[in-house]
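A.B. asks: 3D model of this:
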Amino acid sequence: MGRRKVEMKRIEDKSSRQVTFSKRRSGLIKKARELSVLCDVEIALVIFSSRGRLYEFSSADSLAKIIERYWSHYEQATVAAKDVNKALLSYTELLHMVQSQLEEPAIEKLSVMDLVKLEKELDTALSETRARKVQLMMESVMSLKEKVADMEKKNEDNSNEVVIEFNNIPHRLDPHLPQQQTLSLLQ
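C.D. replies: As a prediction, this is how the structure comes out:
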């Protein structure tokens, strides 16, 4: 008797679904073990059942080491893709996307990875917003410092002009000055 092609849809019968899950989980773990031995690779497999039960397999000493290695790789890839993503999503679009995903009635269906991803996107947007705010404040401070320096220079120039003008004005305190001026006009 040959195998028939299985239609990829949810199995409605609860006991059949549980049996299929158990058999396929065992087969998946067996394939992961074979792949790690044959190809000398590190494999971490984490499975959560519909009831929330955790099943895990690790070809290395520790699942935690593989996951830690994954996160460091993921963070590096995220940093590299950050510039590309910056052009694709504006902060408002990101906030609308997060808000719509959190307000959906199916929020319970979001996986831990989806929630972690949303959290990282929010953290990234928040840190970029703060950095932009600091940059704008620094630019504003520099602009104000330049304005103050310009005003001080203008003030110094104006005070020098006042001194020059004052020196060019004939002094009214000299009693012979009007007589000298009159004589110079008569000549």
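A.B. asks: Run a quick neighbour tally on Ser16.
C.D. replies: Look at Ser16: counted by other CB atoms under 10 Å, it has 10 neighbours. Where you see a C-beta, it was placed from the backbone N, CA and C, and this is true even at glycine.
A.B. asks: Equivalent analysis for Ile43, please.
C.D. replies: Ile43: 19 neighbours (other CB under 10 Å).
A.B. asks: start the count at 714, not 1, going forward
C.D. replies: Okay, using 714 as the starting number, the last item reads as Ile756.
A.B. asks: Quick check: Asp836 vs Lys830, distance?
C.D. replies: 11 Å (CB to CB, to the nearest Å).
A.B. asks: Comparing the two, which residue is more hemmed in?
C.D. replies: Lys830 (15 against 10).
A.B. asks: and that one, which of the three is it?
C.D. replies: Assigned state for Lys830: helix (three-state reduction, DSSP: H, G, I helix; E, B strand; the rest coil).
A.B. asks: A strand includes Ile760, no?
C.D. replies: Yes. If the criterion is three-state DSSP, then Ile760 is within a strand.
A.B. asks: Verify the contact between it and Arg738 for me.
C.D. replies: Yes. With contact defined as CB atoms under 8 Å, Ile760 counts as touching Arg738 (6.0 Å).
A.B. asks: Identify the contacts common to those two.
C.D. replies: Tyr768 (CB atoms under 8 Å, 6 or more residues apart in numbering).
A.B. asks: where do the strands sit along the chain?
C.D. replies: 757-761, 767-771 (DSSP state E).
A.B. asks: Nearest to Glu869, out of those?
C.D. replies: Among the strands of the chain, the nearest to Glu869 by CB to CB is strand 757-761 (70.5 Å).
A.B. asks: how big is the angle separating the closest one from strand 767-771?
C.D. replies: 170 degrees (axes from the mean of the first three to the mean of the last three CA atoms, to 10 degrees).
A.B. asks: what helices or strands is strand 757-761 leaning on?
C.D. replies: Helices and strands touching strand 757-761, by 3 or more CB pairs under 8 Å, 6 or more residues apart in numbering; DSSP states H and E, are helix 727-752, strand 767-771, helix 776-801.
A.B. asks: need these in a markdown table with distance to Ser856, can you?
C.D. replies: Converted to a markdown table, these look like this (distance: least, CB to CB, whole Å):
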| stretch | distance to Ser856 |
| --- | --- |
| helix 727-752 | 60 |
| strand 767-771 | 56 |
| helix 776-801 | 25 |
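A.B. asks: Spatially central residue for the protein, please.
C.D. replies: Thr837 (2.4 Å; CA atoms, centre = their mean).
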